[in-house]
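Visitor: can't give you the sequence, but here's the structure:
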């Protein structure tokens, strides 16, 4: 599955110092979603919905996150929930 550049842009917001920018989960997802324009957000929503609909494993989702360029490792077990929370926040923005 090709990773859209808009998703890569968002993933790059996850860096080793993310805890200084968004120290809590309540701040993390709005930070990620808020870093996108309306058009970028629509593309990312579509991509994340496709990922979740594909019923990928946590390992596969974590690999996609890593392949997108995030400098923060997403644990396999947390990946499905992470993507679900992200999608929820993207819809709120």
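Guide: Cool, got the structure. Note that the coordinates shown come from a computational prediction; the quantities given were computed from them, not determined experimentally. Numbers count the residues shown, from 1 in each chain.
Visitor: what's the helix or strand of the chain with the lowest mean pLDDT in contact with?
Guide: Sorting the helices and strands of the chain by mean pLDDT, DSSP states H and E puts helix 18-21 at the bottom, at a mean of 90. Contact with helix 18-21 is made by 27, 28, 31, 72, as judged by Cβ atoms under 8 Å, 6 or more residues apart in numbering. Every residue, glycine included, has its C-beta placed from N, CA and C.
Visitor: Would you list the buried entries among these?
Guide: Buried residues within those, defined by neighbour count using 16 or more other Cβ atoms under 10 Å: residue 28.
Visitor: can you pull out the helices in the chain?
Guide: Ranges of helices within the chain are 5-11, 18-21, 25-34, 38-53, 58-67, 79-92, based on DSSP state H.
Visitor: Which of those comes out lowest on mean pLDDT?
Guide: Among the helices of the chain, helix 18-21 has the lowest mean pLDDT, at a mean of 90.
Visitor: That one: which residues count as buried?
Guide: Within helix 18-21, the residues scored as buried using 16+ other Cβ under 10 Å are residue 18.
Visitor: distance between it and the chain's centre?
Guide: Taking the mean of its C-alpha atoms, helix 18-21 sits 16 Å from the chain's own mean (Cα atoms, centre = their mean, to the nearest Å).
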